[in-house]
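A structural model of the following input is requested.
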Amino acid sequence: MTILCLAGYEKGHDFLREAKRQGAAVVLLTSQSLQHTARWPLESVDEIFYMPDANREWDRAQTLNAVSYLARTRVFDRIVPLDDFDVEVAAMLREHLRVPGMGETTARYFRDKLAMRLRAAEAGIDVPDFVHVLNHARVAEFMERVPGPWVLKPRSMAGAIGIKKVHAADELWRIVEALGDEQSRYVLERFVAGGIFHVDTIVYEREVRFAIASGYGKPPLEVAHGGGIFTTSVLERESETARRLVEENARVLAALGLVRGASHSEYIIGRDDGRVYFLETSARVGGAHIADLVEAATGVNLWAEWAKVEVAGGKARYTTPVPRRDYAGLVVSLARQERPDTSLFNDPEVVWRMDKANHVGLIVRSPDPLRVRDLLADYTARIARDYHASAPPQDRPGH
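Numbering: from 1, shown residues only. Sure thing, here's the model as predicted:
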């Protein structure tokens, strides 16, 4: 079996390693801008090719031609996108080369925030009220009917990139006017106050084989726009909140049609009504070191499991690992120091330290969720005092 992996950003090292361990030939197509900086596990990569890129974005026609050229002398059995921004390109390539896997229509449900909301709502899943920023009369009617504030979201970005909180109609119309021809690429939704959660999942043949629910400290949007500190921690598994999230997540993935692979999905539990609202999902492993958090708590490496289900491909048995039942918490922040010294965070529960310039990050693990919570609160306060820096929010990838 030959797997073509697409990686506009450097990530998915463990996917590459596990795919190779499973006996696959691994071909990596990545961004030319990473050629001299990325530390790919080359011992697990049979061939590596570079695409010209602008801000890690590849020209679709060039990519199609390049992969088709490679396919003259190679048979690609799987095409796997290692980052959110690669999902649509991978679907386009599968359609053209007729390679098994998610096609372009289904891929939209995991990339396009409008498509996923429409599909979820049709399936009876709660989503915040929303409107496509297309017909101005409908947008105006939405703002009259749904009280502000609202959240303006680009349909195909990732994380909090490009998201704006809007408080008044005249403010929204100024933003829409400035967007010009780009405005149809946005969705406007009701801002729902409440806690933000995520569920990280492995699916095989439409069956959820592994799922774990976690809760963010501050909402990611608030961190991105307010310059806060990012935290998340695994929820108590038998809690009502965790059970509701895992159950709702299974409904969402079934409705959107995920057959196999990894997924990171986000939800809000409304402060006023207690309802679980679906926010967004993806067909890939979550970013921001969430995979490291999951592995710390459970021993399950989401990247490796994704590789296993891709290789199995619905034709072989996939055995889910038995997860450990510890708890873990993650804290990450920009740092004033280029190489921050974290040696003073010396509790035995520390199991991971971030190694990235001008960043500080730690993961703690314990069988006791209260201990994780206490450590996370202590570390967040200390990082805010001694390390934390902030930067303007991103409008586009790489900015």
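
so where's the protein uncertain?
Low-confidence segments of the chain, defined by pLDDT under 70: 158-160, 225-226, 392-399.

care to break it down by domain?
Using automatic domain parsing, the domain parsing of the chain gives 2-101, 129-190, 194-389.

save these as a markdown table, and put in distance to K113 and mean neighbour count too.
In short, each C-beta sits where N, CA and C put it, glycine included. As requested, the domains of the chain are exported to a markdown table (distance: least, C-beta to C-beta, whole Å; neighbours: other C-beta atoms under 10 Å):
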| stretch | distance to K113 | mean neighbour count |
| --- | --- | --- |
| domain 2-101 | 12 | 18 |
| domain 129-190 | 5 | 16 |
| domain 194-389 | 6 | 18 |
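
could these be laid out in CSV, adding distance to F110?
Listed next are the domains of the chain as CSV, based on distance: least, C-beta to C-beta, whole Å:
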stretch, distance to F110
domain 2-101, 6
domain 129-190, 11
domain 194-389, 4
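
what's the closest of these to R117?
When those are compared by C-beta to C-beta, domain 129-190 sits nearest R117, at 5.4 Å.

distance from that closest one to the middle of the chain?
In terms of C-alpha atoms, centre = their mean, to the nearest Å, the centre of domain 129-190 is set 22 Å apart from its chain centre.

same question for stretch 340-358.
Distance, stretch centre to chain centre, for stretch 340-358: 24 Å (C-alpha atoms, centre = their mean).

can you check stretch 55-64 too?
Between the mean C-alpha location of stretch 55-64 and the chain-wide mean there is a distance of 21 Å, by C-alpha atoms, centre = their mean.

can you check stretch 277-291 too?
Here the centre of stretch 277-291 is set off from its chain's centre by 3 Å, with C-alpha atoms, centre = their mean.

swap in stretch 196-214?
Average the C-alpha atoms of stretch 196-214, do the same for its chain, and the two points are 13 Å apart (C-alpha atoms, centre = their mean).

tabulate the CA atom coordinates of it in CSV.
Below are the C-alpha coordinates for stretch 196-214, written out as CSV (Å, rounded to 0.1, in the frame of the first residue of the first chain):
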residue,chain,number,x,y,z
ILE,A,196,-16.7,25.5,25.2
PHE,A,197,-15.8,21.8,25.0
HIS,A,198,-14.1,19.5,22.5
VAL,A,199,-14.5,15.8,21.7
ASP,A,200,-11.6,14.0,20.0
THR,A,201,-12.5,10.8,18.2
ILE,A,202,-11.3,7.8,16.1
VAL,A,203,-14.0,6.4,13.8
TYR,A,204,-13.8,3.1,11.9
GLU,A,205,-16.5,2.2,9.4
ARG,A,206,-18.9,4.8,10.8
GLU,A,207,-18.5,3.5,14.3
VAL,A,208,-16.9,5.6,17.0
ARG,A,209,-14.1,3.5,18.4
PHE,A,210,-12.6,6.0,20.7
ALA,A,211,-13.9,9.3,22.1
ILE,A,212,-12.8,11.6,24.9
ALA,A,213,-14.4,14.9,26.0
SER,A,214,-12.4,17.9,27.3
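
residue boundaries of the helices in the stretch 251-399 of the chain?
Under the criterion DSSP state H, counting those that start in this stretch, the stretch 251-399 of the chain carries helices at the ranges 290-298, 302-312, 369-386.

ok now the first one, how far from the chain's centre?
Distance of helix 290-298 from the chain centroid (C-alpha atoms, centre = their mean) equals 14 Å.

angle of that helix against helix 302-312?
Following axes from the mean of the first three to the mean of the last three C-alpha atoms, to 10 degrees, one obtains 100 degrees for the angle between helix 290-298 and helix 302-312.

how close does the residue nearest to the spatial centre of the chain get to L97?
In the chain, the residue lying closest to the centroid (C-alpha atoms, centre = their mean) is G286, at 3.7 Å. Here the criterion is C-beta to C-beta, to the nearest Å. By it, G286 lies 28 Å from L97.

now do G227
44 Å.

what's the answer for L16, then?
The spacing between L16 and L97, counted by C-beta to C-beta, is 21 Å.

what of E177?
The spacing between E177 and L97, counted by C-beta to C-beta, is 42 Å.

same question, S184
Using C-beta to C-beta, one obtains 30 Å as the distance from S184 to L97.

that older thread, the residue nearest to the centre of the chain contacts D292, doesn't it?
No. With contact taken as C-beta atoms under 8 Å, G286 and D292 are classed as non-touching, separated by 10.1 Å.

packing partners of the helix or strand harbouring S68?
Of the helices and strands defined by DSSP states H and E, S68 is found in helix 60-70. In terms of contacts (3 or more C-beta pairs under 8 Å, 6 or more residues apart in numbering; DSSP states H and E), helix 60-70 is packed against strand 25-31, strand 47-51, helix 87-97.
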